[in-house]
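Colleague: Provide a 3D model corresponding to the input given below.
(one chain, ligands or ions: 1)
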Amino acid sequence: MNIYGTILILSGPSGAGKSSLINELNKKIDNLYFSVSVTTRKKRKEEIDGVDYHFVSKDEFKKDIEKGMFLEWALVHGHYYGTSLKYTIDALKKNKIVLFDIDVQGYFQAKEKFGNLITSVFITTPSIKVLKTRLLKRDTDSLSEIEKRVENAKKELQKAKEYDYFIVNDDFELAKKQLLSIAISSKVKTFSINIDNFIKKWV
Ligand code: 5GP
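Modeller: Predicted coordinates for the structure are as follows:
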């Protein structure tokens, strides 16, 4: 079976505004499928199990690794995070734009397996100062968690050149437009269109 779905990967520090941008994409793009990750991190107050993440214990996560359930998984800030292989394949078969919000380690693993289907975007804040301010203002993580996230962000930024696109989320409206145009273009790449079928019908 030929697959005409595409994978859109967003990476970048938590606090860069990825979730808000994803919400905007969801409103504007019909055939988008957001891959809900599995994590061992504790649920935040405003999060919904099954919507933001599937929250599981470390034991459950490790069993899932053994069963080969993940397309990719990584230890990020001391917590496990992983992407379901099965749901991704199902969505790709349905011709969807499958959206991952994953870290840099996960991106490299996904690239190994599905490189030809991937469009990747690194999203960041204009400076580390802005990142810290946003994380503090968000008030969802402890100070030590925030420190870990900021340290990790510095390391992740070093890998940004490995991505197809780079968005600095300073002006949200601009970042939104940039991401939307990337997502729309990703679905007109030739590999994501059944051109043989089109030609059959066209001639
Ligand atoms: P948060 O705990 O702030 O929701 O996410 C922390 C980091 O984990 C973010 O950089 C996010 O992109 C990353 N992340 C979320 N889900 C996954 C996943 O399934 N796989 C990997 N590798 N990283 C993930």
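
Colleague: what about stretch 33-51, average pLDDT?
Modeller: For stretch 33-51, mean pLDDT rounds to 95.

Colleague: typo on my end, it should be stretch 103-123
Modeller: Stretch 103-123 comes out at a mean pLDDT of 97.

Colleague: now do the same end-to-end measure for that stretch.
Modeller: Start-to-end span of stretch 103-123 (Cα to Cα, to the nearest Å) is 11 Å.

Colleague: and if you look at stretch 89-98?
Modeller: 9 Å.

Colleague: So what touches that stretch?
Modeller: The contact list for stretch 89-98 (Cβ atoms under 8 Å, 6 or more residues apart in numbering) reads 1, 3-8, 29, 31-33, 35, 88, 117, 183, 186-187, 192. Where you see a C-beta, it was placed from the backbone N, CA and C, and this is true even at glycine.

Colleague: before we move on, what about stretch 46-65?
Modeller: Counting by Cβ under 8 Å, 6+ apart, 36-43, 70, 73, 80, 82, 140 sit against stretch 46-65.

Colleague: The residue in the chain that the ligand sits nearest to and Asn23: what is the separation?
Modeller: For the chain, the residue closest to the ligand is Gly106, as judged by Cβ to the nearest ligand atom, at 2.4 Å. Distance of Gly106 to Asn23, computed by Cβ to Cβ, to the nearest Å: 21 Å.
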